[in-house]
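Asker: Provide a 3D model corresponding to the input given below.
(chains A and B)
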Number of protein chains: 2
Amino acid sequence: MALKALDYDTLNENVKKCQYAVRGELYLRASELQKEGKKIIFTNVGNPHALGQKPLTFPRQVVALCQAPFLLDDPNVGMLFPADAIARAKHYLSLTSGGLGAYSDSRGLPGVRKEVAEFIQRRDGYPSDPELIFLTDGASKGVMQILNCVIRGNGDGILVPVPQYPLYSATISLLGGTLVPYYLDESENWGLDVANLRQSVAQARSQGITVRAMVIINPGNPTGQCLSEANIREILKFCYNEKLVLLGDEVYQQNIYQDERPFISSKKVLMEMGSPFSKEVQLVSFHTVSKGYWGECGQRGGYFEMTNLPPRVVEEIYKVASIALSPNVSAQIFMGLMVNPPKPGDISYDQFARESKGILESLRRRARLMTDGFNSCKNVVCNFTEGAMYSFPQIRLPTGALQAAKQAGKVPDVFYCLKLLEATGISTVPGSGFGQKEGVFHLRTTILPAEDEMPEIMDSFKKFNDEFMTQYDNNFGYSKM
Amino acid sequence: MALKALDYDTLNENVKKCQYAVRGELYLRASELQKEGKKIIFTNVGNPHALGQKPLTFPRQVVALCQAPFLLDDPNVGMLFPADAIARAKHYLSLTSGGLGAYSDSRGLPGVRKEVAEFIQRRDGYPSDPELIFLTDGASKGVMQILNCVIRGNGDGILVPVPQYPLYSATISLLGGTLVPYYLDESENWGLDVANLRQSVAQARSQGITVRAMVIINPGNPTGQCLSEANIREILKFCYNEKLVLLGDEVYQQNIYQDERPFISSKKVLMEMGSPFSKEVQLVSFHTVSKGYWGECGQRGGYFEMTNLPPRVVEEIYKVASIALSPNVSAQIFMGLMVNPPKPGDISYDQFARESKGILESLRRRARLMTDGFNSCKNVVCNFTEGAMYSFPQIRLPTGALQAAKQAGKVPDVFYCLKLLEATGISTVPGSGFGQKEGVFHLRTTILPAEDEMPEIMDSFKKFNDEFMTQYDNNFGYSKM
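Answerer: Purely as a prediction, here's the structure:
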């Protein structure tokens, strides 16, 4: 018998099984190096403010006033805050029952959920019901809530794109479910082929798995692609035929860096398809204040909207949300502000528009700088980042590097990324953390380093990479393409 | 085959099983009545700001400045904010890497964890290690994280006091574990008898359950008792002998309304017991910014401290925390402020001391008013609220009321509480939501209504109760005592 109640040996196996590479070995090593005084460029996680992005002024003014409501009675408040921020703070405080210090309804403040519904209706051109919108502490928590309802045991399978954001693999492990992978096609700019999906489902079923839900990440993380309307329609039809709940991770919907393929929500496509699809396909869509040009990651605000879930299921999701009482209220207000920003004519409009445009245009330039930078490197090929905030280059490793990695007891892309980190301070995430085809290697980096530092970072990457390739280039061949 | 993927029938059974009465049938009915225009007094949940408690000024000033850091460069900032709030905001911003908009380390900001460790050290007189302190989005989330590590399946049992706060029963259901009840003794002011504990464990073991952990809530929720040092020592010895992890829910440690039995932390008692206990007993203690005289529920801030957990287990808890990236950063700063409030001599000290003393003294008076009020009612007996923020009177129901409840298809205390709600607008939680001995009935109410409204509320309660008792008093007898 173990000496202690909670040893590693007696820990819940699902806890041990789950992996979250975004804050895994590379991140831990980078944190150590930082403690030792090395300058680290943290591109492992989409955390814009940590890399110098300034917060948008107006929402911060509003939330600061909501935190300090006594300022609203101060005759000097107008010296520090514009009138529209003051008015908006009063509006949000009127939606609470006790300000930011009171628990809200476990689904979030009704008034903010109404603003979210109005936003969705404007965006899609179809009605949205506030009662089917739940606010959450970031989109991740919402994804976990929904998967917790779906997954009953390891016989339940969830279709997840590969490469994927490891929130999905980690949560499925933690909940004891089974991840059913479907592969995105790198040679087609990470496109999604429905034939491939069908094959994944058939294979899972032949192993006795009940496939219950499908995840899409649009724009893609880590892959950066934007799904076309036709593609989303195919996916929805597939979910209809196969009776799958579609989880639409649309947290990067504001982050689009090309004009050919604008973001289209799964909800809009579903509604346009009409009956029977629009009445039958079960869809849960996720959004957040952490991404877009807001980047308010540390506030932990998000929402999900449910379509075609039966009322009793919605009630059960509400019940489970109530156990942790309520999402944090200040992030709920950020969500309200995000879906209902200053309008032309408002005092703060010009500044808000200038700030948000500045961030988005710079991200667009950085997406291009980074893709071009990677493609100029030896044995590196990289699709353009159409959306989201990541670059996911393929690294063709010489067999000499594969052997060296084996000797070091490391997965090859972990080996490469560790060397990169030690040489340059650039902290990335190895492709194996997201899943990739066997024998093919990638890394993920955000496109978030400050624009004026980007050329230097890409030079430093190129110098490391090309020396690495020369060092291990033994003319015996490369990893697969 | 079901038409839809996610019907009630195909929902995770553990989700369906869990119950959370604090926001259950009574709360939902109260919300309906409120929508219909009835004045509702929400005493179902410890949510002080919702019942009019004003936030403490200093922490709100600091967090407002952290939300709007550009104010720190404004020459007029001193007209709205005192110098020590400005200095403290700069301090906390210097602990972040990107302000409130950046994800922190998944365990919370290292600088705030250091402040928490210093607080624990001052409180207990024993060292505390910041690496063993994790910040969380409220204490509930921390409890869920730890139980998720402990519970491997329905063969794992968790000892939970009855009556208990339903966070525990709901989380254990959700995680598929088994709740092993131990009864608190109402006739001994809800004291904890270790002989009773032993019996509970023996019984569970005889049913093949591996009892893995024990929960204590001190001060008690819903029962309001404060554990004595001798009692905590017995509990820790019991955990040592039985190899149980002790989960110490100490969120009400600032809420003490008598002088005989001050709050003593489980950690302090454990350290005082010395070897082998202090080196062996595994303890996780929880705290929050939601309770005390802060009552900052809506901010969602908490921490847990781990004692004697092996490093590999701590690493696994860190890994799981990282899946949801980080707790919200503004509540982390509230936590820093709570454990490190203004000191004598600081500009804001007098105001801070005056505000917090005012709240605590009023709560003490309200605890007394409420206990006395309940004890003046027919067939109601109520222990004094020594701590926490609840009153948990026993309601002796006449057999006529039991029959009427049966006819209405309601549990008897739910029947009583619904009638109370309809008659008076007072929204309570039936004792059955917390667990109670069979045939005995209670309700839980917070002691949080505004002090000047308290006499009227208690009058209204008494009027309803005494009429109810007269109506159903059929001279055939009462529920058990």
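Asker: how many neighbours does residue A:216 have?
Answerer: For residue A:216, the neighbour count with other CB atoms under 10 Å in any protein chain shown is 22. C-beta coordinates here come from the backbone N, C-alpha and C atoms, glycine included.
Asker: show me what it bridges to in the sheet.
Answerer: residue A:248 (DSSP bridges).
Asker: now do it, the pLDDT please.
Answerer: Per-residue pLDDT puts residue A:216 at 97.
Asker: measure it to residue B:6 for me?
Answerer: Between residue A:216 and residue B:6 the computed distance is 17 Å (CB to CB, to the nearest Å).
Asker: now do residue A:205
Answerer: Distance from residue A:205 to residue B:6, counting by CB to CB: 18 Å.
Asker: same question, residue A:337
Answerer: Separation of residue A:337 from residue B:6 (CB to CB): 31 Å.
Asker: ok, residue A:383 next?
Answerer: 34 Å.
Asker: could you do residue A:373 as well?
Answerer: 44 Å.
Asker: just to revisit the earlier point, between residue A:205 and residue B:6, which one's more packed in?
Answerer: Here residue A:205 and residue B:6 are compared on neighbour count by other CB under 10 Å; more neighbours surround residue B:6, at 26 against 14.
Asker: what residues are up against that one?
Answerer: Neighbouring residues of residue B:6 by CB atoms under 8 Å, 6 or more residues apart in numbering or on different chains: A:149, A:150, A:212, A:213, A:245, A:282, A:309, A:310, A:313.
Asker: looking at the residues you listed, which is nearest residue A:366?
Answerer: For these, the closest approach to residue A:366 (CB to CB) belongs to residue A:213, at 33.8 Å.
Asker: can you confirm the closest one is in a helix?
Answerer: No: Residue A:213: not assigned to a helix; according to DSSP: H, G, I helix; E, B strand; the rest coil it is strand.
Asker: for residue A:304, give the beta-bridge partners.
Answerer: Beta-bridge partners, per DSSP bridges, of residue A:304: residue A:134, residue A:286.
Asker: just give me the longest helix of chain A.
Answerer: The single longest helix within chain A, with elements called by DSSP state H, is helix A:349-375.
Asker: what about that helix, near chain B?
Answerer: No: counting by CB under 8 Å from any CB of the partner chain, chain B has no neighbours in helix A:349-375; the shortest distance is 11.3 Å.
Asker: other SSEs contacting that helix?
Answerer: Under the contact criterion of 3 or more CB pairs under 8 Å, 6 or more residues apart in numbering or on different chains; DSSP states H and E, helix A:349-375 touches helix A:57-67, strand A:380-381, strand A:390-391, helix A:454-472.
Asker: go again with 6 Å.
Answerer: helix A:454-472 (3 or more CB pairs under 6 Å, 6 or more residues apart in numbering or on different chains; DSSP states H and E).
Asker: so which residues make contact with the helix it packs on?
Answerer: Outside helix A:454-472, the residues within contact range by CB atoms under 6 Å, 6 or more residues apart in numbering or on different chains are A:366, A:369, A:373, A:377-379, A:398, A:400-401, A:420, A:423-424, A:449.
Asker: just the buried ones from the residues you listed, in PyMOL syntax?
Answerer: Buried residues within the contacts of helix A:454-472, by 16 or more other CB atoms under 10 Å in any protein chain shown, are selected in PyMOL with:
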select buried, chain A and resi 366+369+373+377+379+398+400+401+420+424+449
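Asker: quick one: the helices in the stretch 251-400 of chain A?
Answerer: Assigned by DSSP state H, counting those that start in this stretch, the stretch 251-400 of chain A shows helices spanning A:266-273, A:277-280, A:311-323, A:329-339, A:349-375, A:399-408.
Asker: out of those, which one sits most buried?
Answerer: helix A:329-339 (a mean of 27; mean count of other CB atoms under 10 Å in any protein chain shown).
Asker: and the residue of the stretch 351-481 of chain A at minimum distance from chain B, what does it touch?
Answerer: Proximity of the stretch 351-481 of chain A to chain B (CB to the nearest CB) peaks at residue A:448, 10.7 Å away. Counting by CB under 6 Å, 6+ apart, residue A:448 makes contact with A:48, A:51.
Asker: make sure it is indeed in a strand.
Answerer: No: going by three-state DSSP, the assignment for residue A:448 is coil, not a strand.
Asker: can you read off the pLDDT for the spatially closest residue to residue A:191 that is not a sequence neighbour?
Answerer: Of all residues not flanking residue A:191 in the chain, residue A:185 sits nearest, at 5.1 Å (CB to CB, 6 or more residues apart in numbering or on different chains). Looking at residue A:185, its pLDDT reads 92.
Asker: quick one, phi psi at residue A:185?
Answerer: Note on residue A:185: its backbone torsions stand at phi -100, psi 110 [degrees, to the nearest 10].
Asker: start and end of stretch A:340-360, how far apart?
Answerer: Taking CA to CA, to the nearest Å, the first and last residues of stretch A:340-360 lie 18 Å apart.
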